[in-house]
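>>> Below is the structure, and that's it, no one-letter string:
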């Protein structure tokens, strides 16, 4: 992979609350910059994956699958932190999808999907983790003046993700960026943890910043000129070129080089055009197609008995045959398309 930088932290419009990047323009912009890879790390979801994968592959760009996740804090009164996870391989992809699904089922609180640290530990195989810069628990500890806590957290993460945890640094012209960066670099050097530079991308062009702020305000239910609203983003969070990022981190070339190394380590293949349905158990060794026909006919007979009692309905057999013919036609289509297991489940 001949490249000097790869974006590894990027929210698309599928993040809903804070992303403005559309998939097709993203692929076009990356191709124009001769960038060979990119990671999409939407907030608490991977809904863009199929569209992203198809468009990236079509443009000759390596797609990297990831997600930004809200991380539960041991102190319920403390603010939530973030962690960014990237799938390295098929196992990591499966772990990441199961982790996000678990969050939606068991971790929804106050309108957010919150992941427990233990869940991540159980799903860490095949996954690379980025510390989420000053939004991560390490960064928050450093900015709060708790270097010992930050060191303990980094040791825990490095143990959970051996050779797969990176201390993330950013220069997006937001409050605390430089203060965090210097503290993070010192801590990473102390524990021999690798650095990685990201731009926490939210839009493609710098001129898109105002539109992005409008989207954020809609999500927060606030007006643009509301003095009470939080201003968590800057106009620097655009899709910068490799040259811009290299200049921005000229004092930390290893943080730039590691983006390429991470991109090399992340290799997933998404099989498209094929349906993967659960193996629905059927009684007495009956085939799934025959079982669908069986339960469908049973259901039809039950409904006809309620709608048209056989004893009091004129021309009952003729009416029944119309519905049987219609059911057979629809079942033939479902079975031909290969969906019987899906319909049995739903």
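Sure thing, it's come through. Note that the structure is predicted; figures quoted are calculated from it, not measured.

>>> Break this structure into its domains for me.
Per the record, the chain has its domains at 13-265, 283-345, by automatic domain parsing.

>>> what's the most buried one of those domains?
domain 13-265 (a mean of 18; mean count of other Cβ atoms under 10 Å). The way it works is simple: take the backbone N, C-alpha and C, and place the C-beta from them, glycine included.

>>> quick one: average pLDDT of that one?
Averaged over domain 13-265, pLDDT sits at 95.

>>> Make 18 the starting number, not 1.
Renumbered: residue one is now 18, and that last one reads domain 30-282.

>>> what's the spacing between it and its chain's center?
Between the centre of domain 30-282 and the centre of its host chain there is 10 Å, according to Cα atoms, centre = their mean, to the nearest Å.

>>> swap in stretch 337-348?
The chain centre lies 42 Å from the centre of stretch 337-348; the measure is Cα atoms, centre = their mean.

>>> longest helix anywhere in this protein?
For the chain, the helix that runs over the most residues, judged by DSSP state H, is helix 333-354.

>>> Where do the helices of the stretch 18-167 of the chain begin and end?
For the stretch 18-167 of the chain, helices defined by DSSP state H, counting those that start in this stretch occupy the ranges 40-49, 66-75, 107-123, 134-139, 154-160, 164-177.

>>> Residue 230 is nearest to which of the ones you listed?
The closest approach between residue 230 and any of those, judged by Cβ to Cβ, belongs to helix 40-49 at 18.9 Å.

>>> helices and strands around that closest one, which ones?
In terms of contacts (3 or more Cβ pairs under 8 Å, 6 or more residues apart in numbering; DSSP states H and E), helix 40-49 is packed against helix 66-75.

>>> that older thread, and of the domains of the chain, who's closest to residue 23?
Each of those was scored for nearness to residue 23 using Cβ to Cβ, and the closest is domain 30-282 (4.3 Å).

>>> Just the terminal-to-terminal distance for that closest one.
26 Å (Cα to Cα, to the nearest Å).

>>> Contact partners for residue 174?
For residue 174, the contacting residues are 146, 148, 155, 182, taking Cβ atoms under 8 Å, 6 or more residues apart in numbering as the criterion.

>>> From residue 150, how far out is it?
Residue 174 is 14 Å from residue 150, where distance means Cβ to Cβ, to the nearest Å.

>>> cool, and residue 93?
With Cβ to Cβ as the criterion, residue 93 and residue 150 are 24 Å apart.

>>> How about residue 162?
For residue 162, the distance to residue 150 equals 17 Å [Cβ to Cβ].

>>> Turn the helices of the stretch 18-167 of the chain into JSON lines, including distance to residue 270.
What follows is the helices of the stretch 18-167 of the chain, written out as JSON lines (distance: least, Cβ to Cβ, whole Å):
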{"stretch": "helix 40-49", "distance to residue 270": "22"}
{"stretch": "helix 66-75", "distance to residue 270": "26"}
{"stretch": "helix 107-123", "distance to residue 270": "27"}
{"stretch": "helix 134-139", "distance to residue 270": "30"}
{"stretch": "helix 154-160", "distance to residue 270": "22"}
{"stretch": "helix 164-177", "distance to residue 270": "22"}
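
>>> among the ones you listed, which is nearest residue 84?
In terms of Cβ to Cβ, the element of the helices of the stretch 18-167 of the chain nearest to residue 84 is helix 107-123, at 6.0 Å.

>>> Show me what that closest one is packed against.
For helix 107-123, where contacts count as 3+ Cβ pairs under 8 Å, 6+ apart, the packed elements are strand 79-88, strand 98-104, strand 129-132, helix 134-139, strand 144-147.
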